[in-house]
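Student: just need the structure, nothing else, for what follows:
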Amino acid sequence: QLQLVESGGGLVQPGGSLTLACSPSGFSFGFYTIGWFRQAPGKEREGVSAISGNGLGTKYADSVKGRFMISRDNAQNMLYLQMNTLKPEDTAIYYCAAAPKRFFTTLDSHDYDYWGRGTQVTVSS
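Tutor: Next comes the predicted model:
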């Protein structure tokens, strides 16, 4: 059974950092593009970052460029989102998702077939 489990969310002050992790199981991780999405209350889901199955391609939303970094360890079956210089507007539930494409990056949620349940990130003083 294919599963994606997010972890690492929490409360952090503005300017702080958090690292989210996504642990997939039940599928060949290296053959999937993995993306991070977020949804704040009252807002639509937004694509944050994506990394291709081979790890060579990455994509970031303009709102997080230069602050967030996505990475994956295919040997350990883990995906990470390092978030720096966090702002209150980064507050949201963060989801990881998998798209069955190996050499492809996309921030379009319609390209993703499998989703985790999310982890809450709150940026507040």
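
Student: tally of neighbours for G9?
Tutor: For G9, the count of nearby residues is 17 (other CB atoms under 10 Å). All C-beta atoms are positioned from the backbone trio N, CA, C, and that covers glycine.

Student: list the contacts of it.
Tutor: 18, 20, 94, 119-121 (CB atoms under 8 Å, 6 or more residues apart in numbering).

Student: any idea how far it lies from L79?
Tutor: Distance of G9 to L79, given as CB to CB, to the nearest Å: 14 Å.

Student: can you get me a residue count around K65?
Tutor: A total of 10 residues lie near K65 under the criterion other CB under 10 Å.

Student: now it, what's its secondary structure?
Tutor: Secondary structure of K65, reduced to three states by DSSP: H, G, I helix; E, B strand; the rest coil: coil.

Student: from the contacts of G9, which is closest to R102?
Tutor: Sorting these by distance to R102 puts L20 at the head of the list, at 22.4 Å, by CB to CB.

Student: from D73, how far off is the closest one?
Tutor: Using CB to CB, one gets 14 Å for the distance from L20 to D73.

Student: more neighbours: the two, which one.
Tutor: More neighbours sit around L20 than around the other of L20 and D73, counting by other CB under 10 Å; the figures are 24 against 11.

Student: the more buried one against G10, yeah?
Tutor: No: counting by CB atoms under 8 Å, L20 does not reach G10; the two are 9.7 Å apart.

Student: what about C96, distance to F29?
Tutor: Computed as CB to CB, the C96 to F29 distance reads 12 Å.

Student: which of these two has more neighbours?
Tutor: Relative neighbour count places C96 above the other of C96 and F29, with 30 against 21, counting by other CB under 10 Å.

Student: now that one, what's its secondary structure?
Tutor: Going by three-state DSSP, the secondary structure assigned to C96 is strand.

Student: what residues are shared contacts of L20 and G10?
Tutor: Both L20 and G10 are in contact with V121, where contact means CB under 8 Å, 6+ apart.

Student: out of the contacts of G9, the closest to T58 would be?
Tutor: Using CB to CB, the shortest approach to T58 within the contacts of G9 belongs to L20, at 15.2 Å.

Student: could you list every residue that touches that closest one?
Tutor: In this structure, L20 makes contact with 6-9, 36, 80-81, 83, 94, 96, 119, 121, judged by CB under 8 Å, 6+ apart.
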